[in-house]
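Engineer: Give me coordinates for this.
(one chain, ligands or ions: 1)
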Amino acid sequence: MTQDELKTLVGQAALLYVTPGEVVGVGTGSTVNKFIDALASMKAQIPGAVSSSEASTARLRALGIPVLDTREVAELSVYIDGADEIDSRGFMVKGGGAALTREKIVAAMSKKFVCIADESKMVSSLGAFPLPVEVIPMAAVRLIRQFQRMGGQAGVRLKDGQPLVTDNGQHILDVTGLRITDPLAFESEVNQWPGVVTVGVFAHQKADVCLLGTPNGVKTLTF
Ligand code: 5RP
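Structural biologist: Next up, the predicted model:
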């Protein structure tokens with residue numbers, strides 16, 4: 001099975017976690033796009049979705065699924081999103097699609113985080129995927145030095161030769177060379193560096209369930 005087919009498989013499997021009558025939290029990325037496409041079959045049964053990016057909002061609306069503002073919804077029962085890496089405890093690295101800040105906000109509003117991923121995303125320890133960190137542009141140079149002191153190499157993510165600008169008007173640093181052995185402590189530490197908007201380690205907002213796409217079908221992991 002191709003990676004794309006595995007993504008389709010888990011995107012469809014995630015429908016089981018959508019409760020009729022309830023708003024669903026929707027993440028961002030190519031795997032979530034498969035979920036959004038599948039969700040269209042349930043659109044008459046749900047009031048709508050809370051979205052984590054302009055890209056997901058556009059896809060949801062194009063399929064006729066209403067997108068609600070976070071201020072209209074106090075709590076979500078479930079949030080469905082992908083990951084760049086997930087470990088055996090449900091800790092993740094996210095932000096490959098630059099949507100990490102809104103993803104973390106919607107995850108924090110949700111009682112259950114269901115991660116959908118193909119099996120290539122499962123790792124024994126986080127850090128091989130370049131860690132995305134959303135930053136205030138004026139802090140970028142100082143933060144690059146701070147990651148260097150930690151043993152990492154950080155660079156500003158570019159798009160068409162210019163710094164990529166997130167949905168929140170900020171920049172992304174991608175950091176390589178880190179081994180994140182204590183994700184909870186790492187997230188807490190980097191979060192309090194001045195100029196950091198969001199670090200792409202999701203340990204405090206970890207997954208509760210992972211639907212992992214494998215050639216033998218969907219494997220359900222609970223954490
Ligand atoms: C976007 C994310 C995505 O969930 C992550 O990058 C995985 O994306 P994909 O499903 O395309 O592999 O965090 O900011």
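
Engineer: Show me how the record splits the chain into domains.
Structural biologist: 3-123+204-222, 131-199 (automatic domain parsing).

Engineer: and Asp174, bridged to which residues?
Structural biologist: Pro132, Gly155 (DSSP bridges).

Engineer: What is the neighbour count of it?
Structural biologist: Look at Asp174: counted by other C-beta atoms under 10 Å, it has 21 neighbours. Where C-beta positions appear, they are placed from N, C-alpha and C, glycine not excepted.

Engineer: Rebuild the domains of the chain as JSON lines, extending it with mean pLDDT.
Structural biologist: Conversion of the domains of the chain to JSON lines gives the following (pLDDT from 0 to 100):
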{"stretch": "domain 3-123+204-222", "mean pLDDT": "97"}
{"stretch": "domain 131-199", "mean pLDDT": "98"}
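
Engineer: closest one to the ligand among the ones you listed?
Structural biologist: Checking these against the ligand by C-beta to the nearest ligand atom gives domain 3-123+204-222 as the closest, at 2.8 Å.

Engineer: any idea how far that closest one is from the chain center?
Structural biologist: Distance of domain 3-123+204-222 from the chain centroid (C-alpha atoms, centre = their mean, to the nearest Å) equals 8 Å.

Engineer: Would you tell me whether it gets close to the ligand?
Structural biologist: Yes: on the criterion C-beta under 6 Å from any ligand atom, domain 3-123+204-222 is in touch with the ligand at 27-31, 81-84, 94-100, 103.

Engineer: Of the domains of the chain, flag the one that's most buried.
Structural biologist: Stretch with highest mean neighbour count among the domains of the chain: domain 3-123+204-222 (a mean of 20; mean count of other C-beta atoms under 10 Å).

Engineer: Just the endpoints, please. Distance across that one?
Structural biologist: Domain 3-123+204-222 has an end-to-end distance of 22 Å (C-alpha to C-alpha, to the nearest Å).

Engineer: quick one: contacts for Arg61?
Structural biologist: Val67 (C-beta atoms under 8 Å, 6 or more residues apart in numbering).

Engineer: Name the SS class of it, please.
Structural biologist: When classified by DSSP: H, G, I helix; E, B strand; the rest coil, Arg61 comes out as helix.

Engineer: State the distance from it to Glu75.
Structural biologist: Distance, Arg61 to Glu75, by C-beta to C-beta, to the nearest Å: 23 Å.

Engineer: would Lys206 count as being in a strand?
Structural biologist: No: per three-state DSSP, Lys206 lies outside any strand segment and is coil.

Engineer: From Gly48, how far out is it?
Structural biologist: 26 Å.

Engineer: Before I go, just wanted to say thanks for your time.
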